[in-house]
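Trainee: Next input, structure requested:
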Amino acid sequence: MTAREYRTPAGAILEPNGDIRFRLWAPGAESVGLFLDGGRAAFSMWKTSDGWHELLTHEAKPGSLYQYVLPDGMMVPDPASRFQPDDVHGPSEVIDPVSYDWTVDWAGRDWDDVVLYEIHIGAFTAEGTFRAAIEKLDHLAWLGVTAIEIMPVSDFPGRRNWGYDGVLLYAPDSSYGRPEDFKALVEAAHARGIAVLLDVVYSHFGPEGNYLPLYAPAFFTELRHTPWGAAINYDGCGGKPVREFVIHNALYWLEEFNLDGLRVDAAHAIIDEGAKHLLDELVERQHLTAPDLIKIDIEGGEALALAGMSAGLRRGRYRRLLLELHPVQLAYHGSNPTAIIEGLLEMGYRAWVIAHSAADVRRAAYAHWQPVDSFPRPLRWPESLGAWPHLIFALGHSPVFPVHGRRGAEM
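Mentor: Presented below is the predicted three-dimensional model:
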């Protein structure tokens with residue numbers, strides 16, 4: 001039996017003696033209180049000079065519900081909440097991470113073996129839960145899938161969402177199940193030889209349930225904007241705690257949930273002009289504890305999104321993987337689609353994703369595949385182009401592309 005816990009600097013932290021330490025970065029609030037479910041009044045939190053509010057108490061325990069109380073009396077959830085049983089506007093729940101016993105010994109798998117299947121927990125089964133997804137893993141293993149990429153699970157408002165409007169980054173959405181249910185899914189996948197990657201969003205927060213501007217206005221900056229509004233302040237004045245919040249979130253998913261990797265959504269909208277980009281720092285921080293995170297810089301996006309390793313990185317077994325996508329729309333800037341595909345091959349890339357809107361690039365890629373007789377028809381890769389690619393498919397959340405003149409093969 002193995003326990004896994006990532007000690008976050010924010011949130012409800014269980015101390016060895018059983019006390020709970022609550023920490024909130026709220027530089028814009030003169031005072032913050034902690035209200036425990038069932039209590040008669042809020043506890044006053046101690047404010048530090050750098051904007052943190054902290055309280056150590058034995059009045060809370062795993063399972064306790066709590067909210068932070070702002071000076072005007074408004075109660076808000078913990079931005080580092082590990083679980084929200086009543087959605088994004090409700091109270092947060094104290095979680096004991098070590099209460100889950102991990103039993104499967106897992107060492108990752110070779111990238112060369114990866115056949116990646118993207119799933120949305122809410123749409124993957126009729127029940128739309130982590131536990132229900134476990135029942136379908138044998139189907140994926142039989143199909144030949146060796147890795148799944150789970151679309152974002154961070155808590156979002158309501159019960160239905162693609163996941164890209166998350167506002168509480170540390171909390172698996174309650175409509176899918178509890179944190180231990182997500183851990184059980186990861187462990188069940190590993191037991192079947194299936195690696196698990198998680199889609200994360202660090203370019204923006206969703207529009208509903210994001211209370212950060214009320215008490216931490218420095219979390220965002222009006223100096224720069226993304227398609228979703230004011231940019232997250234990764235490199236400006238007061239941006240250090242913001243960087244830490246997101247970096248710890250990534251490490252939390254990797255360590256506490258034993259994930260094999262992260263796919264970073266809309267990395268082009270992570271505006272960071274500091275000396276070191278947020279994702280580069282994330283990889284460095286992971287290497288401080290375990291040198292097993294490989295970062296892949298990916299050129300492409302709406303026209304061409306590359307999700308693969310260079311030849312130099314493909315050798316050997318990886319433990320953790322970080323995919324970073326940059327949508328530079330190569331095909332729409334006068335580039336020859338065939339030249340793009342051939343250029344990627346020359347650079348050593350053997351796996352990629354091609355966006356649904358890049359039909360000309362897809363056609364150029366498919367042109368390299370030569371079907372031969374028999375059905376299902378095996379695909380012959382020209383020897384002149386070197387080794388086979390690992391994977392090529394149309395990018396979308398439930399893409400369907402033509403197979404031998406008819407629609408099929410939903411990924």
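Trainee: What count of nearby residues applies to residue 101?
Mentor: Applying other Cβ atoms under 10 Å, we find 12 residues neighbouring residue 101. Using the backbone N, CA and C atoms, a C-beta is placed for each residue, glycine as well.
Trainee: isn't it right next to residue 4, touching?
Mentor: No. Using Cβ atoms under 8 Å as the test, residue 101 is too far from residue 4 to be in contact (9.5 Å).
Trainee: where do the contact lists of the two overlap?
Mentor: Shared contacts of residue 101 and residue 4 (Cβ atoms under 8 Å, 6 or more residues apart in numbering): none.
Trainee: Domain map for the chain?
Mentor: 11-98, 102-408 (automatic domain parsing).
Trainee: which of those domains has the lowest average pLDDT?
Mentor: Ranked on mean pLDDT, the bottom entry among the domains of the chain is domain 102-408, at a mean of 72.
Trainee: how about the strands in the stretch 201-350 of the chain?
Mentor: Counting by DSSP state E, counting those that start in this stretch, the stretch 201-350 of the chain has strands at residues 220-226, 229-232, 261-265, 293-300, 317-318, 320-327.
Trainee: Return the set of buried residues in the first one.
Mentor: Looking back up the chat, that one is strand 220-226. Of the residues in strand 220-226, 220-221 count as buried by neighbour count, 16 or more other Cβ atoms under 10 Å.
Trainee: helices or strands next to it in the packing?
Mentor: Applying 3 or more Cβ pairs under 8 Å, 6 or more residues apart in numbering; DSSP states H and E, one finds that strand 220-226 contacts strand 229-232.
Trainee: Just the buried positions in the helix ranked longest in the chain, please.
Mentor: For the chain, the helix with the greatest residue count under DSSP state H is helix 240-256. Buried positions in helix 240-256, judged by neighbour count with 16+ other Cβ under 10 Å: 241-256.
Trainee: repeat for stretch 65-82
Mentor: By 16+ other Cβ under 10 Å, the buried positions in stretch 65-82 come out as 65-70, 75-82.
Trainee: which of the residues you listed lies closest to residue 56?
Mentor: Residue 56 lies nearest to residue 66 out of the buried residues of stretch 65-82, by Cβ to Cβ, at 13.5 Å.
Trainee: in the sheet, who's paired with that closest one?
Mentor: When assigned by DSSP bridges, residue 66 has beta-bridge partners residue 36, residue 92.
Trainee: What residues does it make contact with?
Mentor: With Cβ under 8 Å, 6+ apart, residue 66 has these contacts: 12, 22, 34-37, 60, 78, 91-94.
Trainee: so which of those residues is the most crowded?
Mentor: Highest neighbour count within the contacts of residue 66, by other Cβ under 10 Å: residue 92, with 29 neighbours.
Trainee: hang on, it packs against residue 78?
Mentor: Yes. Here residue 92 reaches residue 78: they are 4.1 Å apart, a contact under Cβ under 8 Å.
Trainee: can you list residues touching both of these two?
Mentor: Counting by Cβ under 8 Å, 6+ apart, the residues touching both residue 92 and residue 78 are 12, 66-67.
Trainee: Distance to residue 264 added to those residues, as a markdown table?
Mentor: As requested, those are exported to a markdown table (distance: Cβ to Cβ, whole Å):
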| residue | distance to residue 264 |
| --- | --- |
| 12 | 26 |
| 66 | 30 |
| 67 | 30 |
